[in-house]
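Visitor: what would the 3D arrangement of this be:
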Amino acid sequence: MELKFSDRLKELRHEKGLNQIELAKQLGVSNGIISLWENNLREPGMYSLVQIAVFFDVSVDYLVGLRDTP
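Guide: Residues are numbered from 1 along each chain as shown. Purely as a prediction, here's the structure:
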């Protein structure tokens, strides 16, 4: 099964031991947007994707499921 962005974000957040509110603060977004992203109800824009990739030290390709390795 191929992972979607929502799955990858949730997985990375759990690996860092963060809840949605903590991640939202780190990224400078609302915790509501984290929930929307993780529930696959919304997708982040390019700026947010890059910000998330930098925060978790992974590639954007990994985040969006184009690669299986960070």
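
Visitor: so who does N40 touch?
Guide: 4-6 (CB atoms under 8 Å, 6 or more residues apart in numbering). All C-beta spots, glycine's among them, are computed from the backbone N, C-alpha and C.

Visitor: in helices, which of the residues you listed fall?
Guide: 5-6 (DSSP state H).

Visitor: which one of the contacts of N40 is nearest L41?
Guide: S6 (8.6 Å; CB to CB).

Visitor: nearest the geometric middle of this structure, what residue?
Guide: L9 (3.1 Å; CA atoms, centre = their mean).

Visitor: and the gap between that one and F55?
Guide: From L9 across to F55, the span is 11 Å (CB to CB, to the nearest Å).

Visitor: circling back: please list only the buried members of the contacts of N40.
Guide: Buried residues within the contacts of N40, counting neighbours by 16 or more other CB atoms under 10 Å: 5-6.
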